[in-house]
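> Provide a 3D model corresponding to the input given below.
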Amino acid sequence: MARKKRVVIPNRCYHLVSRVAHQAFFFDDEEKRRFVELLHRAAAFSGVRLLGWCVMTNHFHILIYLPDEIPLSDEQLLERIKALYRGPQLVQALAEWETLRKEAADERAAGVSCGSRFEDLKNRLRCRMFHPGAFMKTLKQYVTTSFNGRRAHSGTLWENRYKVRISKPCAKDMSAQLAYVDCNPCEAG
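Residues are numbered from 1 along each chain as shown. Here you go, the predicted model:
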């Protein structure tokens, strides 16, 4: 049975929750610090605004605001790539960008009007932005890869699909959501 497609509405707040598989307690203080760093990078890339978050030992809560999707220039796309990637991944992403950009320029100069691989790359990047599901996918993949690369672990870290609650960006709803996220560690002891 296919899972139900989630509704995505811009100009809304999304309370996102995901749990570590098998109720495991993987996130010590160092893992939480790394998670928050990756959280900021994924948000900068995805175009969502972080409002609040809480990283527990076996789950996390994130409150984001999803703005309207805006057109991004090539320079803005490059800035988002640089926000997400680091080290060899960044070098590889920038090399691919430059190779495909040059290929597209050469095609234009030669009068060739076929589908540009550079445009395909930019469209693939844009598909990962301005969407809470794409944000969560990016974040959870990066956290898993980071964790698995440093620990004796393989496979996913996450249990099931993430949970989401959508609310309007009004003061009352946002205050209640942020209070819930902020108090979560106290409630959990």
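> tell me what the longest helix seen in the chain is packed against?
For the chain, the helix that runs over the most residues, judged by DSSP state H, is helix 87-109. For helix 87-109, the packing partners by 3 or more C-beta pairs under 8 Å, 6 or more residues apart in numbering; DSSP states H and E come out as helix 74-84, helix 117-126. (Glycine included, C-beta is placed from N, CA and C.)
> leaving out chain neighbours, which residue sits closest to the residue most central in space within the chain?
What sits nearest the mean C-alpha location of the chain, by C-alpha atoms, centre = their mean, is residue 135, with 2.7 Å. Distance criterion C-beta to C-beta, 6 or more residues apart in numbering; nearest residue to residue 135, sequence neighbours excluded, is residue 46 at 4.0 Å.
> which residue ranges of this structure form helices?
29-46, 74-84, 87-109, 117-126, 132-150, 171-187.
> the ones you listed: which one's closest to residue 65?
For the helices of the chain, the distance to residue 65 is smallest for helix 171-187, at 8.6 Å, taking C-beta to C-beta.
> give me the contacts around that closest one.
Helix 171-187 has contacts (C-beta atoms under 8 Å, 6 or more residues apart in numbering) with 13, 15, 51-54, 56, 61-63, 165, 167.
> looking at the residues you listed, which are in strands?
13, 15, 51-54, 61-63, 165, 167 (DSSP state E).
> which of those residues are buried?
Neighbour-count burial (16 or more other C-beta atoms under 10 Å) is assigned, among the ones in strands among the contacts of helix 171-187, to 13, 15, 51-54, 61-63.
> greatest separation within those residues: which pair is it?
The distance between the two most remote of these (C-beta to C-beta) is 15.2 Å, for 13 and 54.
> for the helix or strand of the chain with the lowest mean pLDDT, buried residues please.
Least confident helix or strand, the chain: helix 171-187 with a mean of 84, by mean pLDDT, DSSP states H and E. By neighbour count on 16+ other C-beta under 10 Å, the buried set for helix 171-187 is 173-174, 177-178, 180-181, 184.
> much appreciated, bye for now.
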